[in-house]
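> Pasting the sequence and the predicted model now:
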Amino acid sequence: MDKFLKFIKNKWFLLGISFLSLIYLFFLGKIAQLIFTGYLETENMTTLTIMYVFVNFLFAVLMFFTRKQIPTIITAVLIPLESFVILIVGFGQWHIIIPPVAVSVVIFLACGVGESFKTVAGTLFLMMFVVGGLVYSVFLNFGISLRYVMVDQIYGEDQELDYSARSHDYLTSADGRYRLVTYTKERDGLVITEYYAEEAYKDEEYPFATFRRSFGCRKVLATAYENAAPNPRWISDRLLYIDGKTVDMEELFAPPEDDEEEEETEETTTKEPPARITVTEAETPEAAGE
């Protein structure tokens, strides 16, 4: 027993084990990326949460055990920043946010850096979490989030997805590359249904969880139909028929640069440009009859 204790306390053994803490940096970065770009689906949220908490706890024990080693110290200083990113991109999903934040606090306070550095950096981290979280929550009240800003900058669309209004009854193309997702919510006394096309081939699947790629989705239709429906259906792997229009997925998801090239050559070709209008106003059945 004494030999075993002496072995696990050996500085070279502790140094080697401390490099495993760097995996936690990658883990938190991946979590931030997944919850920002995708919608989490799971059959058993309780099981997934227990596993997630256990993984965070396991890394916390490992880092506490090697808290004086340089790789662990580096990790301890960086993980509060990653935890803050997770707080912002996953704001409101507290079962995802709380475990890494708790681990960050404990390991940062326990790591082998000087007390002066802990005081200064700890104060900055505390201000970052408290002030940053409060300011971001205010922006969310006005419908402005990090996703909203990024979509506007990259795709030129004002887009904020309310996952609570998302339907799980997907309409997926035959090859599984694209899917049509509906979001139904009440606005100004009307029930508005929005149809979004998503790139299903970018989904990421893990044990007990699937992250449906929602970042970069395109709005195809927004309507307040009551007695009529847009009747969407897939004509082929890339062509979607909805509300009397045919939408080509490859053209819909084409990068903005391609759109500029199409505009430049518009005058020199007789081919009609692809339909890029992604939102159509609702048409009442009476108006349709006229």
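Yep, that arrived.
> quick one: low-confidence parts of the stretch 1-150 of the chain?
1-10 (pLDDT under 70).
> could you show me where the helices are in it, in order?
Assigned by DSSP state H, counting those that start in this stretch, the stretch 1-150 of the chain shows helices spanning 2-8, 11-18, 21-37, 45-65, 70-89, 94-110, 115-141, 146-155.
> can those helices go into CSV with extra columns for distance to Gly189 and mean neighbour count?
Glycine gets a C-beta too; all of them are placed from N, C-alpha and C. Converted to CSV, those look like this (distance: least, Cβ to Cβ, whole Å; neighbours: other Cβ atoms under 10 Å):
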stretch, distance to Gly189, mean neighbour count
helix 2-8, 67, 8
helix 11-18, 60, 14
helix 21-37, 33, 18
helix 45-65, 33, 16
helix 70-89, 33, 21
helix 94-110, 32, 19
helix 115-141, 22, 12
helix 146-155, 25, 14
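> so which of those helices gets nearest Tyr225?
With Cβ to Cβ as the criterion, Tyr225 lies closest to helix 146-155 of these, at 25.6 Å.
> Show me what that closest one is packed up against.
With contacts defined as 3 or more Cβ pairs under 8 Å, 6 or more residues apart in numbering; DSSP states H and E, the packing partners of helix 146-155 are helix 70-89.
> Please state the offset of the helix it packs on from the chain centre?
Distance of helix 70-89 from its chain centroid, counting by Cα atoms, centre = their mean, to the nearest Å, is 18 Å.
> excluding its backbone neighbours, what's nearest Leu28?
Spatial nearest neighbour of Leu28, chain neighbours left out: Glu82 (4.1 Å); criterion: Cβ to Cβ, 6 or more residues apart in numbering.
> Oh, that last question was meant for Met150, not what I typed.
Nearest non-adjacent residue to Met150 (Cβ to Cβ, 6+ apart): Phe215, at 7.7 Å.
> Now do the phi/psi pair for that neighbour.
Main-chain torsions, Phe215, degrees, to the nearest 10: phi -70, psi 130.
> Go ahead and confirm it touches Tyr39.
No. Phe215 is not in contact with Tyr39 according to Cβ atoms under 8 Å; the separation is 9.3 Å.
> From start to finish, how long is stretch 217-234 in a straight line?
Distance between the two ends of stretch 217-234: 17 Å, counting by Cα to Cα, to the nearest Å.
> now do stretch 198-214
6 Å.
> So which bits of that stretch are buried?
Under the neighbour-count criterion of 16 or more other Cβ atoms under 10 Å, stretch 198-214 has 198-200, 203, 209, 211-214 buried.
> for stretch 188-195, same thing?
192-195.
> Looking at these, which one is closest to Val103?
Using Cβ to Cβ, these come closest to Val103 at Glu194, 37.7 Å.
> Which secondary structure state is assigned to the closest one?
Following DSSP: H, G, I helix; E, B strand; the rest coil, the label given to Glu194 is strand.
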